[in-house]
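Undergrad: For reference, the sequence and a predicted model appear below.
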Amino acid sequence: MSEIITVKNLKKSYGTNQVLNGISFSLKEGQIIGLLGPNGCGKTSLIKILTGLINDYSGEVLIDGQKPGKTSKANVAFLPEKTYLPTWMVADDAVNYIADFYDDFDKAKAMHMMDVFQLDHKQKVKTMSKGQQEKLQLLLVMCRNARIYILDEPMGGVDPAARDFILETILKNRPEGSTILMSTHLIQDVEEIFDSILMIRQGQVRIQDSVENLTKDGKTINDLFKEVFSVDWNF
Amino acid sequence: MTGISKPKNKFGMLLKNDFLASARVISLFYIFEVLVLAVFAIGAAVNRSDMEHTEFVSKIITASNVALVLAILVAFLLIFVTFFFVVYDFNKSLFSPQGYLSFTLPVSSNQLLGSKMIVYGGWMLLSYAVFFLTTMSLVSYGEKYVIGEEKVDTLEMMLVNFLDFPSKSQIFAYGAYFAVQVFALLLTFVTIVYFSISLSHIRVFQKHSMVFAVIIFFIVAAFATWLSMKPSEFFRLILQFKSDGSVGLGLVKPSYVFAKGTVAFDLNAIIMSLLESIGLFFATSHVMHKRVNIK
C-alpha cells in the first residue's frame, strides 16, 4: 500500500498558541483511519490544512505527492462538522452545484440517495431540519468517487440511530481502495471500522498504529484513548 | 484506485453559480423595473395618441406618471441593492460556514475572487447604466411630452450647453471617457470592499469583523484617493480630441492650458484606479489564500 497523505514537521500556531507542534506522519492508501484526540489537540487545524482551508503553516504536507491546492481539492471529499450549504438552495440545487465542480460526483446516485434518505428534492436547505441537512451533506460527499474522504466529526451531535445510518452510508458508498480519515469523539461507536488510528495530543502524534496491533492485548481503542488522555483530566 | 487526477478549469462554473446566486434576488428588481417601464410606456403611448381623454384614459396617464417616478426610484434603489449584495454575498459565501464549501472547491483564490468581481462588478455597472439611461430617457420624455417643450435631445443639449463641445464625435468621446471612468471607479470601489471584508476576517480582526471591515474600507479608500491624485501634481496624461478631428495622447504639465476647441481627457485617475484595482485584487487573493480564518 502506498502512502496517500504525508505530513512532515508540520507546525501551526495562532498567535502564541502552538496547535500543531512539528507533527509528522504518513497514511496508507485504502485504509479507514481514525483521527482521535481531545478537544483543542489540533485535529481540526490538521483537517483544515489537509483540505486547503488553512495555508499559513510550516512543514510539508503532501496529498498523493501534491501540496494542498486545486488538484488535491479535486481528489478529496470533505465533510466538515458545520452545515455549510447556502440556505437559499433547494436540495436539487445543492446536487447540481457539487456536480458542476467535481468531475467524480455521481449525480444519478445522489438523486437516488435523496429518495432513499427521504429528502424532498425541492425543499430549501433553510427549512430542513438539522438531521436532513446532515443527510444531504453526507450524500453530497459520499456520492463522489473520491480517492480520499476527510470526515470531521460526521456523527457529532446526532442520536445513536442516526450514527448507525451515517456509518452504514459511509461504508456502503465508499469506493473500493479509497482512504477515509475520520475524526470523532464517539470512539466506541466506530472503532470496529477503523484499520488504523492516529492519536494526537498537544499538537503531536501520540500514537499511530494499526487497530490490530493496538488491540492485540484485549484492550479496545476506547480504553486506550482513556488511558492516554486521562492524564489531562487528573489533578 | 487510479492516480490523482488533475482538475478541469472550473472558472466557468464559478461564474455560472455566482451569477445564479445573485440573479435570484437582483433580477427581481430588474423585472419590477421592466414592468414599471412598461406601464409608463403604455401611458406615454396613450398620451401621445389622439385618443379622447376619457376617465379610463386619464387613469392610464396618471398610472404612467406614477410609474415614471417609480421607475427612477427603483433604478436608484437598484444601485443600493446591488451594493448590498456585493457585500452580503462576498461575506456570506466566503467567510461564514459556507466558506467550508467555497474554499474547498477545486479552484484558486484568484478564481474565487475573479468570479465575484466579474459577476458583481457586472451587476453594479448594469445598475448604474440602468439608472443613467432610465433617468435620461425619462427626463427627455418629460421635457418632450409632460412639460411640453420642443423636441430636444436632452443629453446632447446638456453637453453642448454646459461643456461647450463643438462636435457630436467629441460628445461621443466624452461619453466613452465617462463610461470608462465610471468602470474604473467601480472596479476600485469593489476591490476596496472585497479587500476590507477579507482583511477583517484574519484572526486579529475576526471578533469584530464588521467594525474592522468599515474602518479598513475608509482607510484604504482614503489612501487610494490620495494615491490617485498624486501623479497629477507632477504631470497629466492626456487624451486629446482636437478641433481638426485628430486624436492624440500626451504628457503635459498640470498647469497646461489647451487650445480652444480641443477636448482633453485626463487619464491619470483612470490609470491609477486600474492599477489600484489590480494591486488590491492580488492583495485580497493573498489574504484569502494565506491569512483568512474560516470559523
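TA: Nice, thanks for sending it over.
Undergrad: Any chance you could list what contacts the helix or strand bottoming out on mean pLDDT in chain A?
TA: Among the helices and strands of chain A, helix A:187-190 carries the lowest confidence by mean pLDDT, DSSP states H and E, at a mean of 85. With C-beta atoms under 8 Å, 6 or more residues apart in numbering or on different chains as the test, helix A:187-190 has contacts from A:34, A:36, A:155, A:160, A:163, A:167, A:182, A:184, A:220-222, A:225. Heads up, the C-betas are built off the backbone N, CA and C, glycines and all.
Undergrad: in which helix or strand would I find B:F84?
TA: In this assignment (DSSP states H and E), B:F84 forms part of helix B:55-95.
Undergrad: what about that helix and chain A, touching?
TA: Yes - Helix B:55-95 lies within reach of chain A by C-beta under 8 Å from any C-beta of the partner chain, at B:92-93.
Undergrad: Determine the set of other helices and strands touching that helix.
TA: helix B:11-48, helix B:99-102, helix B:109-141, helix B:168-199 (3 or more C-beta pairs under 8 Å, 6 or more residues apart in numbering or on different chains; DSSP states H and E).
Undergrad: Quick one: mean pLDDT over it.
TA: On average, the pLDDT along helix B:55-95 is 89.
Undergrad: Now find how far off-centre that helix is within its chain.
TA: The chain centre lies 16 Å from the centre of helix B:55-95; the measure is C-alpha atoms, centre = their mean, to the nearest Å.
Undergrad: next one: stretch A:81-89
TA: Per C-alpha atoms, centre = their mean, the centroid offset for stretch A:81-89 relative to its chain is 17 Å.
Undergrad: I figured A:I166 was touching A:L138, is that so?
TA: Yes - using C-beta atoms under 8 Å, A:I166 is in contact with A:L138, at 6.2 Å.
Undergrad: Using CSV, write out every CA atom in the host helix or strand of A:D223.
TA: Under the criterion of DSSP H and E, A:D223 resides in helix A:221-229. Output of helix A:221-229 as CSV, limited to C-alpha atoms (Å, rounded to 0.1, in the frame of the first residue of the first chain):
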residue,chain,number,x,y,z
ILE,A,221,-9.4,1.7,21.2
ASN,A,222,-11.8,3.5,23.6
ASP,A,223,-9.8,2.0,26.6
LEU,A,224,-6.6,3.1,25.0
PHE,A,225,-7.9,6.6,24.5
LYS,A,226,-8.9,6.9,28.1
GLU,A,227,-5.6,5.6,29.2
VAL,A,228,-3.7,8.1,27.1
PHE,A,229,-5.8,11.2,27.7
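Undergrad: So which elements touch that helix?
TA: Other elements packing on helix A:221-229 under the criterion 3+ C-beta pairs under 8 Å, 6+ apart are strand A:32-36, helix A:187-190, strand A:196-201, strand A:204-210, helix A:211-214.
Undergrad: Give me the angle between the first one and strand A:196-201.
TA: Okay, so that is strand A:32-36. 20 degrees (axes from the mean of the first three to the mean of the last three C-alpha atoms, to 10 degrees).
Undergrad: Surely A:M155 is within a strand?
TA: No - assessed with DSSP: H, G, I helix; E, B strand; the rest coil, A:M155 is coil; it does not lie in a strand.
Undergrad: Show me which residues of chain B sit near chain A.
TA: Applying C-beta under 8 Å from any C-beta, we find that chain B lies next to chain A at B:1, B:3-8, B:10, B:13, B:16-17, B:21, B:24, B:92-93, B:97-101, B:103-108, B:203, B:289-291, B:293-294.
Undergrad: how does it look with 7 Å?
TA: B:1, B:4-8, B:10, B:13, B:16-17, B:21, B:24, B:97-98, B:100-101, B:103-108, B:203, B:289-291, B:294 (C-beta under 7 Å from any C-beta of the partner chain).
Undergrad: filter the residues you listed to the buried ones?
TA: The neighbour count (16 or more other C-beta atoms under 10 Å in any protein chain shown) marks B:1, B:4, B:7, B:10, B:13, B:17, B:21, B:98, B:100-101, B:103-108, B:289, B:291, B:294 as buried among the residues of chain B next to chain A.
Undergrad: shaky segments in the stretch 151-295 of chain B?
TA: B:151-170, B:243, B:245, B:261 (pLDDT under 70).
Undergrad: what do you get if the cut-off is 50, keeping everything else the same?
TA: B:151 (pLDDT under 50).
Undergrad: My understanding was that B:F281 contacts B:T191; is that so?
TA: Yes - under the criterion of C-beta atoms under 7 Å, B:F281 makes contact with B:T191 at 5.6 Å.
Undergrad: which one of the two has more residues nearby?
TA: Counted by other C-beta atoms under 10 Å in any protein chain shown, B:F281 and B:T191 do not tie: B:T191 has more neighbours, with 25 against 19.
Undergrad: Next one: that one from B:I118, what distance?
TA: Look at B:T191 and B:I118: by C-beta to C-beta, to the nearest Å, they are 12 Å apart.
Undergrad: next one: A:Q208
TA: Counting by C-beta to C-beta, the gap from A:Q208 to B:I118 is 46 Å.
Undergrad: What of B:I79?
TA: With C-beta to C-beta as the criterion, B:I79 and B:I118 are 18 Å apart.
Undergrad: and what of B:F56?
TA: 47 Å.
Undergrad: And those two? Which one has more around it.
TA: Neighbour count, other C-beta under 10 Å: between B:F56 and B:I118, B:I118 has more, with 15 against 10.
Undergrad: Near B:S127, how many other residues are there?
TA: By the criterion of other C-beta under 10 Å, B:S127 has 23 neighbours.
Undergrad: Counting neighbours, what do you get for A:Q118?
TA: When neighbours are defined as other C-beta under 10 Å, A:Q118 has 8 of them.
Undergrad: Report the central residue of the chain.
TA: Reading this off chain A. With distances taken as C-alpha atoms, centre = their mean, A:L151 lies nearest the centre of chain A, 1.7 Å away.
Undergrad: Oops, wrong one, chain B.
TA: B:L125 (3.0 Å).
Undergrad: Let me see the contact set for residue 33.
TA: Because you didn't say which chain, this covers chain A. By C-beta atoms under 7 Å, 6 or more residues apart in numbering or on different chains, the contact set of A:I33 is A:27, A:180-181, A:194-196, A:198.
Undergrad: if you could check chain B rather than the one you did, that'd help
TA: B:71, B:74-75, B:78, B:130.
Undergrad: and if you look at A:V228?
TA: Taking C-beta under 7 Å, 6+ apart as the test, what A:V228 contacts is A:199, A:201, A:206-207.
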